[in-house]
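Chemist: this is the structure alone, sequence omitted:
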């Protein structure tokens, strides 16, 4: 499938400018608890965001293919970090996807995708941290 | 150490708005090869960027602690994806860090950090994909 390439370049202090393709640049820095300034994306958040957006991408792929129309969606992704004998490690990742359907009758079709998401998402398949996925289906009001 | 939390919310089409803390929002979408629009961060790029910025963060932590002054740095991170029997998978990740020192005499101190980076970076430690790290030290011109 090819390569995904990202470049980072020093900007000032601990802040780097992250670029890929024609995407708008993102400023990244270590998280405040490791001495970084407030208001910048940390590597830890980028990892958690990569996982959440990958599961979302996978869901969008399967719903489109299955003719399921979404009115809206939200995703909350959380990574828990703990100090272990080996150093700081992510111990679990939890992702909750909530989708609102245009047609509530399609809910069973979406619920059937739940187990597929993790299996087809290349980010979750790259992680050795346990990932828990919850998928909630709301009908449009 | 606590949790890292990221939220994604539907914006339009396959584009979602990604937020964490007070960071500027990032717009994300599936990569163009999976039907996403051009110009947005893909989950795959966020993962590769998380790894590159984490190794960089780790380097900044150790150089600061060791009193090494950097004039500049750049990082190139690349993730190779291939179709396997199980589906699309990242097969390797390659990260090259190039640092420019204010004092070239500190080069051996930086070179000694090479093997520490992967070990102390919580993102690389969360991956089951093999990660190769190169560290180059340039003297300021």
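Modeler: All right, it came through fine. None of the values given here were measured: they were computed from a predicted structure.

Chemist: around residue A:13, count how many other residues there are.
Modeler: Residue A:13 has 10 neighbours, counted by other CB atoms under 10 Å in any protein chain shown. Using the backbone N, CA and C atoms, a C-beta is placed for each residue, glycine as well.

Chemist: tell me which element the residue minimising distance to the centre of chain A falls in.
Modeler: For chain A, the residue nearest the mean C-alpha position is residue A:52 (1.9 Å; CA atoms, centre = their mean). Assessed by DSSP states H and E, residue A:52 sits inside helix A:43-65.

Chemist: coming back round to it: surely the residue nearest to the centre of chain A touches residue A:76?
Modeler: Yes. If you go by CB atoms under 8 Å, residue A:52 and residue A:76 touch, sitting 7.4 Å apart.

Chemist: can you list residues touching both of these two?
Modeler: A:95, B:6, B:8 (CB atoms under 8 Å, 6 or more residues apart in numbering or on different chains).

Chemist: can you pull out the low-pLDDT segments for chain A?
Modeler: By pLDDT under 70, the low-scoring segments of chain A are A:1, A:139-141.

Chemist: mind listing the strands for it?
Modeler: Taking DSSP state E, the strands of chain A run over residues A:2-12, A:15-19, A:26-28, A:70-84, A:87-101, A:131-139.

Chemist: got a markdown table for those strands, with distance to chain B too?
Modeler: Converted to a markdown table, those look like this (distance: least, CB to the nearest CB, whole Å):
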| stretch | distance to chain B |
| --- | --- |
| strand A:2-12 | 4 |
| strand A:15-19 | 5 |
| strand A:26-28 | 5 |
| strand A:70-84 | 4 |
| strand A:87-101 | 5 |
| strand A:131-139 | 10 |
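
Chemist: just send the ones you listed back as CSV, with mean neighbour count too.
Modeler: Supplementary listing: those in CSV, determined by neighbours: other CB atoms under 10 Å in any protein chain shown:
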stretch, mean neighbour count
strand A:2-12, 18
strand A:15-19, 21
strand A:26-28, 22
strand A:70-84, 18
strand A:87-101, 19
strand A:131-139, 16
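
Chemist: which residues are contacting stretch A:106-118?
Modeler: In this structure, residues lying in contact with stretch A:106-118 by CB under 8 Å, 6+ apart are A:55, A:58-59, A:62-63, A:66, A:68-69, A:97, A:99, A:101, A:124-125, A:131, A:133, A:135, A:137, A:139.

Chemist: can we see that at 6 Å?
Modeler: Contacts of stretch A:106-118 with the rest of the structure, by CB atoms under 6 Å, 6 or more residues apart in numbering or on different chains, involve A:55, A:58-59, A:62, A:66, A:68, A:124, A:133, A:135, A:137.

Chemist: and stretch A:37-56, by the same measure?
Modeler: Under the criterion CB under 6 Å, 6+ apart, residues A:26-29, A:31-32, A:75, A:77, A:79, A:93, A:95, A:117, A:121, A:123-124, B:4, B:6, B:8, B:18, B:20, B:22-23, B:28, B:43, B:46-47, B:49-50, B:53-54, B:57, B:123 lie in contact with stretch A:37-56.

Chemist: buried residues in it?
Modeler: A:40-56 (16 or more other CB atoms under 10 Å in any protein chain shown).

Chemist: next one: residue A:29 relative to chain B, how far apart?
Modeler: Distance from residue A:29 to chain B, counting by CB to the nearest CB, to the nearest Å: 8 Å.

Chemist: give the contact list for that residue.
Modeler: A:14-15, A:36-37, A:40.

Chemist: ok, now residue A:25?
Modeler: Contact analysis of residue A:25 by CB under 6 Å, 6+ apart lists A:17, A:19.

Chemist: and what of residue A:99?
Modeler: By CB under 6 Å, 6+ apart, residue A:99 lies in contact with A:70, A:73, A:137.

Chemist: please repeat the previous calculation with a cut-off of 10 Å.
Modeler: Neighbouring residues of residue A:99 by CB atoms under 10 Å, 6 or more residues apart in numbering or on different chains: A:56, A:59-60, A:63, A:68, A:70-75, A:106-107, A:110, A:113, A:135-138, B:10.

Chemist: and if you look at residue A:131?
Modeler: Residue A:131 neighbours (CB under 10 Å, 6+ apart): A:51, A:55, A:77, A:79, A:92-95, A:117-118, A:121, A:123-125.
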